[in-house]
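Asker: coords please:
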Amino acid sequence: MDEAYRGKVRGEKRLQEKRGDFILGFEDLAKRLKERPKREEVEAVAPKDPETISAVLLSSSPRGRREEMIWGYLSGLAAEGLSSPLVIPPRNYAGLEMRRGTIILEVAAASTGSKAGLSSGSAGVGGSWVRAHHLGERISGGRLVVRGPAGDYLGQEMKGGGIMAGSCGDYAFRNMRGGWGVVRGDAGNYLAVGNQGGRIAVKGRAGSRAGWLMRSGRIRVGRDCGEYLGLMMSGGQISLAGRAGARAGWRMKGGLIEAAGYGPEAGAERIGGRILQREDL
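Answerer: As a prediction, the model looks like this:
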């Protein structure tokens, strides 16, 4: 049996489960799932031992969005079952729908493995940082620590828990409903679009259209923001230590924006809400 599968499972070994049956690594697990599997479906076929799931994560090379999402579900399941943080290299969808536990994304995991001392095998990326996308998407609990820059859609649709990243790309914390996010550096464009709750702190600057269609929640930016800050927002609070670009609060319906200064046309076509300058507070 081992001879028959040698070299055909991307270098992955047979992984024994506590319940007695086995899977032939990540590829075999992915083949057992539908085209668009949900978390519950992945959980039903995944190993029950979180250490075994960790081994699958660190020895796999997911290809395409479907396999990346399966890998993301598995990372959340592993973190929820481990007593110590799961340390893995950055990859798209890490922490997808995680409910508890802690995931740490760092390049060192590609060579040293997880806290359990597992070797990553093909998970390495040459020791260089991968700017992964969709990190922490739809999480409802736990912590995700990104020890480097994150890509686009960081914390999208998150409902709870917390995320910390060195910096992030576009659409970070989009449609956020709860939890908190901390970005130690700069954030890209479209930060917190459509938010309905949660708290976000960006220590650097944010790009254009932060808080677009925001309904509730809080955003704090340590430096400047680009144009159209709070575009069409109806609730929530946005606070800048620096200046906002042109057209801040354009067509604003509610909520509060406060900044050290504003570009031209601040509050243009505003229906409601408040726009304050710090010297007026």
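
Asker: quick one: what helix or strand has the closest residue to residue 98 other than its chain neighbours in it?
Answerer: Nearest residue to residue 98, sequence neighbours excluded (C-beta to C-beta, 6 or more residues apart in numbering): residue 76, at 3.5 Å. Using the backbone N, CA and C atoms, a C-beta is placed for each residue, glycine as well. Here residue 76 sits within helix 64-81, counting by DSSP states H and E.

Asker: Quick one: low-confidence residue ranges for the stretch 151-281 of the chain.
Answerer: 280-281 (pLDDT under 70).

Asker: could you pull out the helices for this protein?
Answerer: Applying DSSP state H to the chain gives helices spanning 2-5, 25-31, 39-45, 50-58, 64-81, 109-112.

Asker: can those go into CSV with extra columns for mean neighbour count, distance to residue 101 and mean pLDDT?
Answerer: Putting the helices of the chain into CSV (neighbours: other C-beta atoms under 10 Å; distance: least, C-beta to C-beta, whole Å; pLDDT from 0 to 100) gives the following:
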stretch, mean neighbour count, distance to residue 101, mean pLDDT
helix 2-5, 8, 32, 42
helix 25-31, 19, 20, 88
helix 39-45, 15, 14, 94
helix 50-58, 23, 9, 92
helix 64-81, 22, 3, 97
helix 109-112, 18, 16, 52
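
Asker: For residue 252, find the nearest of those.
Answerer: helix 64-81 (35.6 Å; C-beta to C-beta).

Asker: Remind me what that closest one packs against, helices and strands.
Answerer: Helix 64-81 sits against helix 25-31, helix 39-45, helix 50-58, strand 86-88, strand 102-105, with contacts defined as 3 or more C-beta pairs under 8 Å, 6 or more residues apart in numbering; DSSP states H and E.

Asker: I'd like to know which of the ones you listed lies nearest to residue 225.
Answerer: strand 102-105 (26.6 Å).

Asker: what mean pLDDT does the closest one have?
Answerer: For strand 102-105, mean pLDDT is 98.

Asker: how far does it sit from the chain's center?
Answerer: For strand 102-105, the separation from the chain centroid amounts to 11 Å (computed by C-alpha atoms, centre = their mean, to the nearest Å).

Asker: quick one, what contacts residue 275?
Answerer: Residue 275 is in contact with 248, 249, 252, 256, 257, 258, 262, 266, 267, counting by C-beta atoms under 8 Å, 6 or more residues apart in numbering.

Asker: ok, which stretches of the stretch 151-281 of the chain are strands?
Answerer: 162-167, 180-183, 196-202, 216-221, 237-240, 243-244, 256-259, 261-262, 274-277 (DSSP state E, counting those that start in this stretch).

Asker: Just put the helices and strands packed on helix 64-81 in CSV and tack on distance to residue 198.
Answerer: Putting the helices and strands packed on helix 64-81 into CSV (distance: least, C-beta to C-beta, whole Å) gives the following:
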stretch, distance to residue 198
helix 25-31, 32
helix 39-45, 21
helix 50-58, 27
strand 86-88, 23
strand 102-105, 19
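
Asker: And these: which comes nearest residue 69?
Answerer: helix 39-45 (8.7 Å).

Asker: I would like the residues contacting the closest one, please.
Answerer: 23, 29, 32, 33, 34, 70, 73, 74, 76, 77, 96, 97.

Asker: Going by distance to residue 137, which of those residues wins?
Answerer: residue 96 (5.4 Å).

Asker: any idea how far the closest one lies from residue 265?
Answerer: Shown here: residue 96 relative to residue 265, a distance of 40 Å by C-beta to C-beta, to the nearest Å.
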